[in-house]
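**Q** A structural model of the following input is requested.
(one chain, ligands or ions: 1)
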Amino acid sequence: MNALISRRNFLQAGTALAGGLTLANGATSAIDSPAARPFRFVHLTDIHVQPELDAERGFRQCIAHVNELRPRPDFVITGGDLVMDSLRVDKSRIEKIWKLYDDCCRDFEMPVFNTIGNHDIVGWDDGSPVTPDDMDYGKKLFADRAGKGKTYTSFDHGGWHFVLLDSIGQKPGSRNYVPLLDDEQIAWLKSDLEAVGKAKPIIFVTHVPFYTAYLTMALGPNTLPGEKSMVSNAYQLRKDLLKYNLRLVLQGHVHVRERIDYGKISYIQSGAVSGNWWKGPTLGEHPEGYSIIDVAADEFRHSFADFGWKATRV
Ligand SMILES: [Zn+2]
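**A** Numbers count the residues shown, from 1 in each chain. Next up, the predicted model:
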């Protein structure tokens, strides 16, 4: 009950600020547009939908849970690894799982913005039967079916700027992936943020985390993250990003619930819709779920949502 009261107060505060009131410290709200209003969105990552393990029923149960939220989310952002999987299977399997994803997403009662994950890329695995000369090889299928022609993009909503990143780079000389933002995307990102300016609050969405402590938590203090668990050039970007009002980085890929607040930026890993790939909670302690983000004026509130799924076969 306290949480509900506190959330109502939070939303009312946002309404007052959006109306142009001056803050207690004399500053004015960063959001001065009359259109700015409190809003909610959700972040669903690592869905890994597949015909096996009752995953379709699980994903549809998650979608129904999102549709029933009040206040209703304005939109859904997915965090990548939408299907299981495109990396190392043949094209009939790829068509089957993407059709399944499309069919399930028709249940959402609000717009969906998709972020790319490693499992959404066709053939980037030495063992894949889909070779580089195939027209669907690489990221084209994601861009065509889920990305409105792109693998990274940005948009504005309610006075905030959202950037959906493509955190999957190709390892030089191989068909494998390595987590990074490539040079072309970094050049785009710099010009995109330049146009946004230093005041507007910004949210990044990246499949592979910029930062995570999950391996240290799970395996002990001497375990460092592997090369595939964090974006390799996020560190080089960090100082550049500090001059902007980047507030939140939504992350996926490692299937755990985790929040790191470092300086003014929060790095939130939203667990996984699939939990441990539809076999139960990840590491026994991170249940199937997603993140709810409530935004009012230039502040956000985050909570983890559990949609009540129980794995049918473990
Ligand atoms: Zn992943």
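**Q** look up how far Phe155 lies from the residue of the chain at minimum distance from the ion.
**A** Nearest residue of the chain to the ion: His253, at 3.9 Å (Cβ to the ion). For the C-beta atoms, the positions are set from N, CA and C on the backbone; glycine is no exception. Look at His253 and Phe155: by Cβ to Cβ, to the nearest Å, they are 22 Å apart.
**Q** more crowded one of these two?
**A** His253 (28 against 11; other Cβ atoms under 10 Å).
**Q** now do the contacts for that one.
**A** His253 makes contact with Thr45, Asp46, Gly80, Asp81, Gly117, Asn118, Pro179, His207, Val208, Pro209, Ser229, Gln269, according to Cβ atoms under 8 Å, 6 or more residues apart in numbering.
**Q** before we move on, what about Ala272?
**A** Thr45, Asp46, Ile47, His48, Gly252, His255, Thr282, His286, Glu288, Gly289.
**Q** beta partners of it?
**A** Beta-bridge pairing of Ala272 under DSSP bridges involves Glu288.
**Q** which one is the most centrally placed residue in the chain nearest to, not counting chain neighbours?
**A** Nearest to the geometric centre of the chain sits Gly79, at 2.9 Å (Cα atoms, centre = their mean). Setting aside the residues directly before and after it, Gly79 is nearest to Thr45 in space (Cβ to Cβ, 6 or more residues apart in numbering), at 2.7 Å.
**Q** so how many other residues sit close to the one you found?
**A** 31.
**Q** got the contact list for it?
**A** Counting by Cβ under 8 Å, 6+ apart, Thr45 has contacts 78-81, 115, 117, 207, 250-253, 270-273, 290.
**Q** need the residues of the stretch 101-250 of the chain near the ion, please.
**A** Counting by Cβ under 5 Å from the ion, the stretch 101-250 of the chain comes close to the ion at Gly117, Asn118.
**Q** helices of the stretch 1-150 of the chain, start to end?
**A** Listed in chain order, the helices of the stretch 1-150 of the chain (DSSP state H, counting those that start in this stretch) span residues 2-18, 55-67, 91-105, 140-145.
**Q** the second one versus helix 91-105: what angle between them?
**A** Pointing back at helix 55-67 there. If you take axes from the mean of the first three to the mean of the last three Cα atoms, to 10 degrees, helix 55-67 sits at 30 degrees to helix 91-105.
**Q** quick one on the thing from earlier: how far away is the residue nearest to the centre of the chain from Asn276?
**A** Taking Cβ to Cβ as the measure, Gly79 falls 16 Å from Asn276.
**Q** swap in Leu189?
**A** 32 Å.
**Q** ditto for Asp294
**A** 28 Å.
**Q** one more: Val49?
**A** 15 Å.
**Q** that older thread, how about the residue nearest to the centre of the chain, what does it touch?
**A** Counted by Cβ under 8 Å, 6+ apart, Gly79 has contacts His43, Leu44, Thr45, Asp46, Thr115, Gly117, Val205, His207, Leu250, Gln251, Gly252, Ser270.
**Q** quick check: Leu193 touching Tyr244?
**A** Yes. Using Cβ atoms under 8 Å, Leu193 is in contact with Tyr244, at 5.4 Å.
**Q** any shared contact partners between those two?
**A** Shared contacts of Leu193 and Tyr244, defined by Cβ under 8 Å, 6+ apart, comprise Ile202.
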